[in-house]
Structure formats: structure tokens, C-alpha cells
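Colleague: Sharing a model that was predicted from the sequence below.
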Amino acid sequence: MTTNGRVPLIAGNWKLNLDHLQSIAFVQKLAWSLKDARLDFNDVEVAVFPPYTDLRSVQTLISADKLSLKFGAQDLSEHDSGAYTGEISGQFLRALDCSYVIIGHSERRTLHNETDAVVAAKTAAALRHGLVPVICVGETAEDLETHGPSAVPVSQLKVALATVPQGADIVVAYEPVWAIGSGQAATPEQAEQVCAALRAVVAEKIGQDAADKTRVLYGGSVKSGNIAGFMRQPNVDGALVGGASLDITEFSNIARFQKHVGV
Ligand SMILES: O=C[C@H](O)COP(=O)(O)O
């Protein structure tokens, strides 16, 4: 826990990688690596976000071995049940002990045409089923040039939180689209500027208490070599990691950011 009372969250979004057998070996090795490193889970929360088909295996392993890792899904349906072929409801995810669900990742927004309204409906669905939504927002390179760094993410988050109850338990992830998978991360100062603006939106929409406790993550080309700079920022409470979360040593070193930050 940092002085602001928020436990940092290091989240690994596997995207479309690792089948259920691979997920078992991966989570076992990750747990060993974090244990070897004597990671104190009171100081940092580590979560993985496997594909849906891995969730039961990951749940079983974490429960059987009493691992301190958390896990969640990469998406959910805005609906709870019915004729929605291919969809997965929040109810099903909660039944698998998922703690979190990623919502509104830029790949969903771009490749699956998810609008801000859909993101808002999915956020409501997650909260309805006791899942903590990890609400992703971020601007494209064009947005950045036209509107500056905060305008688009702020506007996206305002819509996502429009119907969220006061004090709700949420996580926000600022992921500039231009930084995702590009190797060109935002600077810590850029991340801080936008994350602070997003925290102000949380305060405006669901209250100051919620803003004080909400973890705001940065995502986009996070590696062990740049995590410390982000974690030194007062409004950055962790990272949503894509590519580097598939490398056990790298992800484990990101989770051990405190060694580099010196807190
Ligand atoms: O969800 C994770 C983000 O898309 C970041 O991906 P990346 O770390 O590969 O840039």
C-alpha cells in the first residue's frame, strides 16, 4: 500500500494468447517467480486476465494452491442471459470467482465497434454481478493531435460512469491507443496528467471517496524498464500490461516495481 492508501494493481491482459493447458503452466510458474522474489501481496495486487476458456483452469489452480493472484475476464456481455450467441454474462464470470473484468479496451472499441454507450452498459453489468470493472479509456494519435491528451479519455470515462452508483468499486485504465503494442510508451508525466484528470472525473461522477480509493492504471508498452517512472506518479496506481505480461520474468519484474521505485 502506498501513502495514499491505494494498493497498486499490476494487471496482465493476455489478449488472445495461451490456451487452458498453457495457462496452468504459466500461472504456476508466475506464482513461483513471485514467491522467489518474496513479493508481498499486501503491497501490490497482481491479476491476470486470460481468455474465457482458461478461466476455469486458472480458478481451480489458484484455489487449490491458495495462490494470492487475482484474475478476471477480458470482456463481458451487457446482458445477463438470453438469445445472445457467443456472449458471456457477468453472472457466469462471478460464478468462476473472477474479481475483475476489463471493459472498453481499445481493441474492443476498434475491432468490435464498442461505443461509449456499450462500455457504460457493460460497466453496469459488471457492477450488477459484483465484478470490479477495469474501464479502459484512451486517445488515438489523431485525437492527441486534435484535442490534446485528456479530452477523449475524460469524455469516454464520463459516459462510462454516467449511471454508476456513488462510491462504486471500479478501476480505471488509461491506455493511449498510440502506445499499445507500439513500444512507444507515454512519458510518466503524460500518464500522470491524464490519470489525474480521470481521477477528477471519478470524483465528479461517483464522489470524492470513490476517487480517493479508485486505482487508476497506465497501460501501453509497459515493461520492467519503465514501470518505476509510472509508479512514482501520485495518480498512477499500477499498470495494465499486454505483451510483457506473457513473459514471466518480465511480468514478475514489473510486479516488483517497488524495488526500483524505492518505496
Ligand atoms: O491491455 C493492455 C494494453 O493493450 C497494453 O498492451 P501492451 O503492453 O502490449 O502495449
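Modeller: Structure received.
Colleague: Can you tell me the element the residue nearest to A124 when sequence neighbours are not counted falls in?
Modeller: Nearest non-adjacent residue to A124, counting by C-beta to C-beta, 6 or more residues apart in numbering: T163, 5.9 Å away. The way it works is simple: take the backbone N, C-alpha and C, and place the C-beta from them, glycine included. For T163, there is no host helix or strand (DSSP states H and E).
Colleague: same deal with the one 3 residues further on?
Modeller: Taking DSSP H and E as the definition, Q166 sits outside all helices and strands.
Colleague: Make sure it is actually in contact with E204.
Modeller: No - contact criterion C-beta atoms under 8 Å: Q166 and E204 do not qualify, at 11.3 Å.
Colleague: Counting neighbours, go ahead and name the busier of these two.
Modeller: Neighbours per residue (other C-beta atoms under 10 Å) separate Q166 from E204, with E204 holding more: 14 against 10.
Colleague: confidence score at that one?
Modeller: You'll see E204 listed with a pLDDT of 98.
Colleague: Tell me which residues touch it, please.
Modeller: K158 (C-beta atoms under 8 Å, 6 or more residues apart in numbering).
Colleague: again, only using 10 Å
Modeller: Neighbour list for E204: V154, L157, K158, L161, A211 [criterion: C-beta atoms under 10 Å, 6 or more residues apart in numbering].
Colleague: looking at it, D54 is touching S23, isn't it?
Modeller: Yes - counting by C-beta atoms under 10 Å, D54 touches S23, with 3.8 Å between them.
Colleague: shared neighbours of those two, anything?
Modeller: Here D54 and S23 have W14, N17, V48, F71 as joint contacts, going by C-beta under 10 Å, 6+ apart.
Colleague: Identify the residues contacting the second one.
Modeller: So that's N17. If you count contacts by C-beta under 10 Å, 6+ apart, then N17 has S23, F26, P50, P51, D54, G242, G243, S245, L246 around it.
Colleague: What are the phi and psi values at the second one?
Modeller: It refers to F26. As for F26, its main-chain torsions (degrees, to the nearest 10) stand at phi -60, psi -50.
Colleague: Could you give the number of residues near it?
Modeller: 23.
Colleague: Please apply the same query to the first one.
Modeller: S23 is flanked by 23 other residues according to other C-beta under 10 Å.
Colleague: Same check on the last one?
Modeller: The number of residues packed around L246, counting by other C-beta under 10 Å, is 17.
Colleague: for the third one, same thing?
Modeller: A count of nearby residues for P50, using other C-beta under 10 Å, gives 25.
Colleague: so who does it touch?
Modeller: Residues near P50 by C-beta under 10 Å, 6+ apart: 12-15, 17-20, 22-23, 26-27, 57-58, 71-74.
Colleague: 8 Å instead, please
Modeller: So P50 contacts W14, L18, S23, V58, F71, Q74 (C-beta under 8 Å, 6+ apart).
Colleague: separation between it and the ligand?
Modeller: Between P50 and the ligand the computed distance is 13 Å (C-beta to the nearest ligand atom, to the nearest Å).
Colleague: which bits of the stretch 51-200 of the chain sit near the ligand?
Modeller: For the stretch 51-200 of the chain, the residues found near the ligand under the criterion C-beta under 6 Å from any ligand atom are H105, E175, I180, G181.
Colleague: Buried members of those residues into PyMOL, please.
Modeller: Under the burial definition 16 or more other C-beta atoms under 10 Å, those of these that qualify are selected in PyMOL by:
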select buried, resi 105+175+180
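Colleague: quick one on the thing from earlier: redo the contacts of N17 as JSON lines? Include secondary structure, distance to E189 and pLDDT.
Modeller: Compiled in JSON lines, the contacts of N17 are given as follows (DSSP: H, G, I helix; E, B strand; the rest coil; distance: C-beta to C-beta, whole Å; pLDDT from 0 to 100):
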{"residue": "S23", "secondary structure": "helix", "distance to E189": "36", "pLDDT": "98"}
{"residue": "F26", "secondary structure": "helix", "distance to E189": "34", "pLDDT": "98"}
{"residue": "P50", "secondary structure": "coil", "distance to E189": "33", "pLDDT": "98"}
{"residue": "P51", "secondary structure": "coil", "distance to E189": "34", "pLDDT": "98"}
{"residue": "D54", "secondary structure": "helix", "distance to E189": "36", "pLDDT": "98"}
{"residue": "G242", "secondary structure": "coil", "distance to E189": "22", "pLDDT": "98"}
{"residue": "G243", "secondary structure": "helix", "distance to E189": "23", "pLDDT": "98"}
{"residue": "S245", "secondary structure": "helix", "distance to E189": "24", "pLDDT": "98"}
{"residue": "L246", "secondary structure": "helix", "distance to E189": "28", "pLDDT": "98"}
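Colleague: Sounds good, over and out.
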